[in-house]
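>>> got a predicted structure here, sequence first:
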Amino acid sequence: MTIDRILVTIAGLSLSGWIGWFFWFSERKSTKVETMESGIQEVVIKVKGGYSPDVITVEKGRPVRLNFYREETAVCSEQVLFPDFNKQAMLAPFKTIPVEFTPDREGEFGFQCGMGMLHGKIIVE
Amino acid sequence: MPSETSDIPIQSGKSRPAGPKDPVCGMPVEETTEFLSDRVGTRFYFCSAACKGKFEQNPEKYLAPTTEGAEKGSNSNVTASHHAASSVDKSSRETAQIQIPIVNMDCANCAVTIEKQIKQLDGVKKVNVNIATGKAFVEYQPTVTNSRQIVGAIKKAGYKAGQSSLTLRIGGMYCGSCVTKIEDDLLRKPGVISASVDLASETAMVQYIPAEVNISEITKSIESLGYTVRDGAAGEKAEPRKEGETRDETEIAHEQEYKRLMRKFIFAATVSVPVVFFSYPNLFGISNLMRIGTASAEIITFSMAFVTLIVMFYSGAQFFTGAVAAFRSRSANMNTLVASGEAAAWLYSTVAFLFPSVFPSQQLAGQFYDVVAVVTALVILGLALEVRAKGKSSEAIKKLIGLQAKTARVVRDGAEKDIPFEEVIVDDIVVVRPGEKVPVDGVVVGGTSSVDESMITGEPIAVEKQSDDEVIGGTINKTGSFKFKATKVGKDTALAQIIGMVQQAQSSKAPIQRVVDQISGYFAPAVMILGVLAFIIWYDFGPQPNLVFALIVLVTTLVIACPCALGIATPISLMVGVGKGAENGILIRSGAALETAQKLNAIVLDKTGTITKGKPALTDVIAVNGFDENELLGLSASVEKASEHPLAEAIVNGAVERKVQISDTQSFNAIPGKGVEATVNGKHVLLGNSKLMKDAGIEIGTSEEKSRKLAEEGKTPMYVAIDNRFGGIVAVADTVKEDSKSAVAQLQKMGLEVVMLTGDNERTAKAIARQVGITRVFADVLPEDKAHNVQKIQMEGKKVAMVGDGINDAPALAQADIGLAIGTGTDIAIEASDITLIKGNLSGVVAAIDISRATMKNVRQNLFGAFFYNTLGLPVAMGALYPFFGILLSPIIAGAAMAFSSVTVVTNANRLRAYKMKTS
């Protein structure tokens, strides 16, 4: 085997390993939601090719309001689904659309776009 | 009149607060409060530190009305504390009046209770609750109390005030003080019960009494404070808006996005033509022009690099922004794949062009700008087509939302008035003319007409409406005019609930989807790894030029994979299927219900009200001893007309149907446990059981045998004697619905075991079962045992559906794998059910199961297609066919395949729209 082949093989394998680690095993940062004066846990989520923040920690039993602001027109992100709470919202571009619910059990609940391409997570503690 | 103010301390014990009032919020406060402030020689009292703080910041604002009030009070010798409270004095002459509709008031006693509770409020001068109109008339001092407190008092008495809620979008708010300003202003308006303004979402939620204040007044009031109310002056209904914008807005957004994508596509496609032309010089006979090293080749290649860069960053911008966003959240999706594939192709080409020397041979320094341009064009085109197709998928819910009438014509103060439908309150009398939509749910109080209810119930034939009949909001009045009393408004109407249920179901996940989600979570990174591995293999073992082959394979693999098709396969079919169901009066509550409904083995039908009409009807008239059938029926009906027995109604209705004359009766007498007797047209008529006949000494003869036979058929026979001579038998029975028999047959044809469950005796049950073709019957089942019987069938290892009315059958519906509730009219929010049939008959059950099967079949087709495409496409892209057949996919073909795979999935789901309901 020539030297360039060995180099390509090593580089390629390490890249593969890194891809696997980065997307599947690395720790994601969670955003803790602050409770407003009104007693509602409120956060603004920017929607542009993904959700930012995408991992949100909330407290159990307290109403949560997620204000989605969709900063793009790509149709993929127009709908946000909360399958565990049977909720959905159509996100009109460049508008703040609130989604409200009260988490009544602890755990991790995903939310996603209509096609399941963009993902986010709500951690209820 | 100096006495007027000096009277205050004496009267105050009764109708006014004795103590001072908080000048900021207007709340009565104790003089012992710790929140005090001395200004201009007067002591002011506050309810809280917040109010005190506000006052001290700007005392003039709160003092102004006080001084004015004191002047009007025409007596300056009032004490300091009364100074602060002198707004009371002013208002003693200024009263406001308000009429509040009360929803659940049904007895005269209620009126007294409510009056008492309202009178306890300070500042209320007069209360009059009218039971007939269902309204409370209150005269009060607006500075002392407000409509919110009055509504609170009504609530405290245990009743509900009719109110509407409204969400407005407000622009121009920058701080928390704006919030209080708007809220305070709104709350001061009579008729406003609560106002909550939210800065973050820039919305105001207002609850108000529609008869007192309307949307435009509320809007104007906010605008007068210097804010803008967005989305025009028209208000929006609070509920459907809260969870996202209306579909119209989505539709506009879709249209704009489609145009935007098409512009991007046209640009990319236009660029693609020359780029492809110059990329294959040998093919197009321009090899001289593109000979490496010549000036023409340099210029052309440089131009290609430049224009494809523009293509990537104009047409393909969303791939890159999407990829970056996904990368930040440590996830990967279609954008990541397309972006990295294109970036790899472009970078390779550009390096090869700028630094050909880094490659060991000239052969390797190839260009792939055509891949960049064409793949962008194709994927963008695919997205544009998908936008179009998706618009169609959500048509059903758009149609439902479009059913809502915009205005209602209500009778207010004796005059007909057009108002927005949101402002209709319970107990309003609404007038509907021919061709108009019924705005809300209600009960007809006058006039007759036929109403087209097909949009809600799926029933194609118009329904005749007369007094006491229910009408459903969103249906269309055909022929006559009628008036109805509103019973359900706003989010309580059947239509609003249907929309809510459909939206919920469309957002729920079918269990199969969870599996798919698991897979798609690993999908995109896995594809990247596969791409890199393929690159290594081709580089290490592939033919020369190995680098070029390796790159082609990497780009092709990245581009061909389509996680979108996989992700959208289930939800898009679910959306179309659930929508299709709703169009036909079938409300499927969740994706899980849909998935279970197609796996059923057995279906349990409740007899009364499900298979049968649940209402007895006249079935047989047997006349003997020379009597005429019509005469016998006429006399029976005349006697029964005076009776209140449910069977009596069946006989009367039967007589009316057969156009038999019914006469007035004299000396009606009910004989408990036996029957009735009366005199009709001078004839003495006895109607009842055999005991009645025996007691009167009337010979029944051979008719006893006939009677036994009728009873065996599940009917209830009654003997009739006229002038002490036996006249014959009239029989009534709960009759089966017209479509029950064919529906049962269809269910059996679908491979389901049909079981009947009833509380009736075995004989009646069997008789009905025979009529509709059911062989397995559970009779004499107590209501509480119904769930147990369902469980019994489940123990046989079957997936069981239970069909019932949702009230008595709730436990059985919950026990079954699928509970189908048969709704009637506007009562559709049946909690225990997984599927609700708005139209109350069995063919709906057939259709519900059929649509579930069709939808799940569609889902499976989509999933199979998406999986098949990816599992076949990926190895081919990686070059698995090359060693055997020498076939290697071009990245351009891969781009086309990827773009159209998700369009295909959406298009396949849209085929469901054309699905025709199976009806018996």
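Good, I have the coordinates.
>>> so where's chain A uncertain?
A:36-39 (pLDDT under 70).
>>> got the buried residues for the helix or strand hosting residue B:318?
Element membership for residue B:318, per DSSP states H and E: helix B:317-328. Within helix B:317-328, the residues scored as buried using 16 or more other C-beta atoms under 10 Å in any protein chain shown are B:318, B:319, B:320, B:321, B:322, B:323, B:325, B:326, B:327. C-betas here are computed from N, CA, C, even on glycine.
>>> for stretch A:24-38, same thing?
For stretch A:24-38, burial by neighbour count (16+ other C-beta under 10 Å) applies to residue A:33.
>>> just how off-centre is it within its chain?
Centroid displacement of stretch A:24-38 relative to its chain, using C-alpha atoms, centre = their mean, to the nearest Å, is 10 Å.
>>> contacts for it?
A:41-43, A:53-59, A:62, A:64, A:121, A:123, B:329-330, B:522, B:525 (C-beta atoms under 8 Å, 6 or more residues apart in numbering or on different chains).
>>> which of the residues you listed are buried?
Using 16+ other C-beta under 10 Å as the burial test, these include A:41-43, A:53-58, A:64, A:121, A:123, B:329-330, B:525 as buried.
>>> which ones among these are found in strands?
Counting by DSSP state E, the buried ones among the contacts of stretch A:24-38 place A:41, A:42, A:43, A:55, A:56, A:57, A:58, A:64, A:121, A:123 in strands.
>>> distance to chain B added to the residues you listed, as CSV?
Below are these laid out as CSV (distance: C-beta to the nearest C-beta, whole Å):
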residue, distance to chain B
A:41, 12
A:42, 6
A:43, 9
A:55, 8
A:56, 12
A:57, 15
A:58, 16
A:64, 13
A:121, 10
A:123, 14
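>>> can I assume residue A:67 sits in a strand?
Yes. Under DSSP: H, G, I helix; E, B strand; the rest coil, residue A:67 falls within a strand.
>>> now residue B:204: which helix or strand?
Residue-wise, residue B:204 maps onto strand B:203-208 under DSSP H and E.
>>> what's that strand packed up against?
Under the contact criterion of 3 or more C-beta pairs under 8 Å, 6 or more residues apart in numbering or on different chains; DSSP states H and E, strand B:203-208 touches strand B:164-171, helix B:176-188, strand B:192-198, helix B:215-224.
>>> do you know which of these lies nearest residue B:583?
strand B:164-171 (28.2 Å; C-beta to C-beta).
>>> which elements pack onto that closest one?
Using 3+ C-beta pairs under 8 Å, 6+ apart, strand B:164-171 sits against strand B:203-208, helix B:215-224, strand B:228-229, strand B:236-237, helix B:238-242.
>>> in a markdown table: those, plus mean neighbour count and mean pLDDT.
Formatted as a markdown table, these follow (neighbours: other C-beta atoms under 10 Å in any protein chain shown; pLDDT from 0 to 100):
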| stretch | mean neighbour count | mean pLDDT |
| --- | --- | --- |
| strand B:203-208 | 22 | 77 |
| helix B:215-224 | 17 | 79 |
| strand B:228-229 | 17 | 76 |
| strand B:236-237 | 19 | 36 |
| helix B:238-242 | 18 | 35 |
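>>> export these as a markdown table, with columns for distance to residue B:892.
Below are the helices and strands packed on strand B:164-171 laid out as a markdown table (distance: least, C-beta to C-beta, whole Å):
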| stretch | distance to residue B:892 |
| --- | --- |
| strand B:203-208 | 48 |
| helix B:215-224 | 56 |
| strand B:228-229 | 51 |
| strand B:236-237 | 48 |
| helix B:238-242 | 45 |
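>>> tell me the one of the buried ones among the contacts of stretch A:24-38 nearest residue B:500?
Nearest to residue B:500 among the buried ones among the contacts of stretch A:24-38 is residue A:64, at 19.9 Å by C-beta to C-beta.
>>> tell me the bridge partners for that closest one.
Beta-bridge pairing of residue A:64 under DSSP bridges involves residue A:41, residue A:101.
>>> residue contacts, it?
Taking C-beta under 8 Å, 6+ apart as the test, what residue A:64 contacts is A:33, A:40, A:41, A:42, A:58, A:100, A:101, A:102, A:103, A:122.
>>> quickly check those residues for the two that are furthest apart.
Maximum pairwise distance among the contacts of residue A:64 (C-beta to C-beta): 14.7 Å, between A:40 and A:122.
>>> got the buried residues for stretch B:295-304?
Judged by neighbour count (16+ other C-beta under 10 Å), stretch B:295-304 contains these buried residues: B:297, B:300, B:301, B:304.
>>> okay, and which of those map to helices?
Among the buried residues of stretch B:295-304, the members found in helices (DSSP state H) are B:297, B:300, B:301, B:304.
>>> and of those residues, the nearest to residue B:636?
The closest of those to residue B:636 turns out to be residue B:304 (C-beta to C-beta; 96.6 Å).
>>> distance of that closest one from residue B:277?
Counting by C-beta to C-beta, to the nearest Å, the separation of residue B:304 from residue B:277 is 10 Å.
>>> same thing with residue B:864?
Distance from residue B:864 to residue B:277, by C-beta to C-beta: 39 Å.
>>> from the buried residues of stretch B:295-304, pick the one nearest chain A.
Nearest to chain A among those, counting by C-beta to the nearest C-beta, is residue B:301 at 25.4 Å.
>>> what sits against that closest one?
Residue B:301 touches B:278, B:353, B:367, B:369, counting by C-beta under 8 Å, 6+ apart.
>>> which of the residues you listed are buried?
Using 16+ other C-beta under 10 Å, the buried members of the contacts of residue B:301 are B:278, B:353, B:367, B:369.
>>> and the pLDDT for the first one?
At residue B:278 the predicted local confidence, pLDDT, stands at 87.
>>> these two touch, right, it and residue B:290?
Yes. Counting by C-beta atoms under 8 Å, residue B:278 does reach residue B:290; the two are 6.5 Å apart.
>>> please enumerate the shared neighbours of these two.
Joint contacts of residue B:278 and residue B:290 (C-beta under 8 Å, 6+ apart) are residue B:300.
>>> what number of residues lie near residue 101?
Unless you meant another one, I'm taking chain A. 18 (other C-beta atoms under 10 Å in any protein chain shown).
>>> wait, I meant chain B there
Quick note: residue B:101 (other C-beta under 10 Å) scores 21 neighbours.
>>> coming back round to it: and chain A, which of the buried residues of helix B:317-328 contact it?
B:318, B:321, B:322, B:323, B:325, B:326 (C-beta under 8 Å from any C-beta of the partner chain).
>>> residue contacts, the second one?
This means residue B:321. Neighbouring residues of residue B:321 by C-beta under 8 Å, 6+ apart: A:48, A:49, A:72, B:335.
>>> so for it, what's the pLDDT?
With respect to pLDDT, residue B:321 has a value of 87.
>>> now do it against residue B:671, distance only.
The gap separating residue B:321 from residue B:671 is 86 Å, by C-beta to C-beta.
>>> and if you look at the fifth one?
From residue B:325 across to residue B:671, the span is 83 Å (C-beta to C-beta).
>>> same deal with the fourth one?
As judged by C-beta to C-beta, residue B:323 and residue B:671 stand 87 Å apart.
>>> pLDDT weak spots in the stretch 351-500 of chain B?
B:360-365.
>>> residue boundaries of the strands in it?
B:407-412, B:415-420, B:429-432, B:441-447, B:449-452, B:463-465, B:470-471, B:476-477, B:482-488 (DSSP state E, counting those that start in this stretch).
>>> which element is the residue of the stretch 801-920 of chain B found nearest chain A on?
Residue of the stretch 801-920 of chain B nearest chain A, by C-beta to the nearest C-beta: residue B:902 (8.2 Å). Residue B:902 is part of helix B:891-911, with elements assigned from DSSP H and E.
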